[in-house]
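Visitor: Model the structure of this input:
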Amino acid sequence: MHISAKADYATRALLELAREPGRPLTCEAIASSQEIPFRFLKSVVGELRRAGLVRSQRGCEGGYWLGRPAGEIALLDVVRAVDGEVITLRGAPLAGLVYPGPATALPGVWRRVEAEAVAVLGGLTLAELLPGEARTEPSGVGAA
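Guide: This is a model prediction of the structure:
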């Protein structure tokens, strides 16, 4: 399994914005706080803006805010905004994957792994990940 740097950085940036939703943050402030390369973060935030997960305002009072409440943004939304598919095989979606012979069952396994990942990511919101928030973990999350 591979979690992209884009998905990780995007989630961390959104958590920074969710921590204080009443005030805008600059990319510089987010990059500094989360130790993320500024140039990379700038492009990731652009993708989040196009997906409606952040909104921006230019000027001295400007910066970035969440595009909707933290409780309405699932990790699945973030991953799909920056990576598209949750899991791919050599860059291709799993939907039409078919193998011959003894490997016939393998595409079904990969699709089950993807379905489980979608369930976990879809069941967790930014609000649930914020420190100090009263929450209950979805089943299976945090279990070793």
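Visitor: distance from the centroid: which residue in the chain tops it?
Guide: residue 101 (36.4 Å; C-alpha atoms, centre = their mean).
Visitor: Would you pull up how far the helix or strand bottoming out on mean pLDDT in the chain lies from the middle of the chain?
Guide: Lowest mean confidence among the helices and strands of the chain (mean pLDDT, DSSP states H and E): strand 92-93, at a mean of 88. In this view, strand 92-93 has its centroid 19 Å away from the chain centroid, taken as C-alpha atoms, centre = their mean, to the nearest Å.
Visitor: same deal with stretch 24-38?
Guide: 17 Å.
Visitor: Start and end of it, how far apart?
Guide: Its start and end residues considered, stretch 24-38 measures 17 Å (C-alpha to C-alpha, to the nearest Å).
Visitor: Pull out the buried positions in it.
Guide: 24, 25, 27, 30, 31, 36 (16 or more other C-beta atoms under 10 Å). C-beta: built from backbone N, CA, C; applies to glycine.
Visitor: Quick one: these as a markdown table, columns for pLDDT too.
Guide: Below are those laid out as a markdown table (pLDDT from 0 to 100):
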| residue | pLDDT |
| --- | --- |
| 24 | 94 |
| 25 | 96 |
| 27 | 95 |
| 30 | 97 |
| 31 | 97 |
| 36 | 96 |
